[in-house]
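Trainee: What follows is a predicted protein model with its sequence.
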Amino acid sequence: MISPPFLWKDHHGSLHSAMTPHGPDADCFEKASKAKLEPERIADGTMAFMFESSLSLAVTKWGLKTCGCLDEDYYKCWEPLQAHFTPTSRSPTEPK
């Protein structure tokens, strides 16, 4: 669960169609990847919803233009993501 401060603002949402990559921004990913793994209580005071559909979804003209709420720079939160996968590197404890 992503804790405050959130990338998104209160009472906002995002729409990700099928097969569209999405997830936490680069900063959240890096912090979570380096965090000490220990039991912790999650989701207190939070609520998250994800709706999925096999159908193609579309935003109305009002949602894209008229309402003035579209974040044109939304995609930029993923630009700093770094590649961490090394296909030839294996953990010494991982089975071969």
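Mentor: Good, I have the coordinates.
Trainee: What about the closest residue to residue 29 other than its chain neighbours, how many residues nearby?
Mentor: Closest residue to residue 29 apart from its sequence neighbours, by Cβ to Cβ, 6 or more residues apart in numbering: residue 81 at 6.6 Å. Where you see a C-beta, it was placed from the backbone N, CA and C, and this is true even at glycine. Using other Cβ atoms under 10 Å as the criterion, residue 81 is surrounded by 14 other residues.
Trainee: What sits closest to residue 18 if chain neighbours are left out?
Mentor: The nearest residue in space to residue 18 (Cβ to Cβ, 6+ apart) is residue 54, at 6.3 Å.
Trainee: Next up, the contacts around the most centrally placed residue in the chain.
Mentor: Computing the C-alpha centroid of the chain and ranking residues by Cα atoms, centre = their mean puts residue 23 first, at 2.0 Å. With contact taken as Cβ atoms under 8 Å, 6 or more residues apart in numbering, residue 23 is in contact with residue 29.
Trainee: Perfect, that will be all.
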